[in-house]
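Trainee: Provided below for reference: sequence and predicted model.
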Amino acid sequence: MKKILLAATAICLTCGPVLAADPDTGKELYDEVQIERTYQGEHRTDIDCETCHDTDFFTRSDSKVTTYAKLEAMVEGCNTNLDVGWFPEDVADVAAYMNREFYQLSPAE
């Protein structure tokens, strides 16, 4: 089921007009995330991307993010599952930032 959702998300993200994503805007969005939720049994109001993913997560050798489409799908998965509230263009910007900082994948496939 996860593979189907990942594939469907990747397809949806690649459909429509192609707009240049802005990694600088993506960094701002990434840095500004603050979600209120229970994490490891503790209610917190300061959950951000790095609460779950330290930078080693993005650069590990067994990363499942092997294409730009998978990167965008991963960002959209966090956006949806954690109800971050990003619009599709925001997801694209965050993916562009993460690609610049961690992955260096080719956006064109």
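Mentor: That came in fine, so what should we check first?
Trainee: hey, let's count contacts and neighbours off CA atoms from now on
Mentor: OK.
Trainee: OK, contacts around the residue most central in space within the chain?
Mentor: Centre of the chain computed as the mean C-alpha position; nearest residue by Cα atoms, centre = their mean is residue 75, 1.8 Å away. Applying Cα atoms under 8 Å, 6 or more residues apart in numbering to residue 75 gives the contacts 91, 94, 95.
Trainee: want to try a markdown table for those, with secondary structure as columns?
Mentor: Formatted as a markdown table, the contacts of residue 75 follow (DSSP: H, G, I helix; E, B strand; the rest coil):
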| residue | secondary structure |
| --- | --- |
| 91 | helix |
| 94 | helix |
| 95 | helix |
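Trainee: Put the buried members of those into a ChimeraX selection.
Mentor: In ChimeraX, this line selects whichever of the contacts of residue 75 come out buried by 16 or more other Cα atoms under 10 Å:
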select :91,94,95
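Trainee: Which member of the contacts of residue 75 is positioned nearest residue 59?
Mentor: For those, the residue nearest residue 59 by Cα to Cα is residue 95; the value is 14.4 Å.
Trainee: hang on, isn't the closest one packed against residue 69?
Mentor: No. Counting by Cα atoms under 8 Å, residue 95 stays clear of residue 69, with 9.3 Å between them.
Trainee: picking that back up, identify, from the contacts of residue 75, the entry nearest to residue 32.
Mentor: Taking Cα to Cα as the measure, residue 32 lies nearest residue 94 of the contacts of residue 75, at 11.2 Å.
Trainee: ok, now which ones touch that closest one?
Mentor: Counting by Cα under 8 Å, 6+ apart, residue 94 has contacts 22, 23, 25, 26, 27, 29, 30, 75.
Trainee: measure residue 95 to residue 105 for me?
Mentor: 10 Å (Cα to Cα, to the nearest Å).
Trainee: Residue 31 too?
Mentor: Noted for residue 31: a distance of 21 Å to residue 105, by Cα to Cα.
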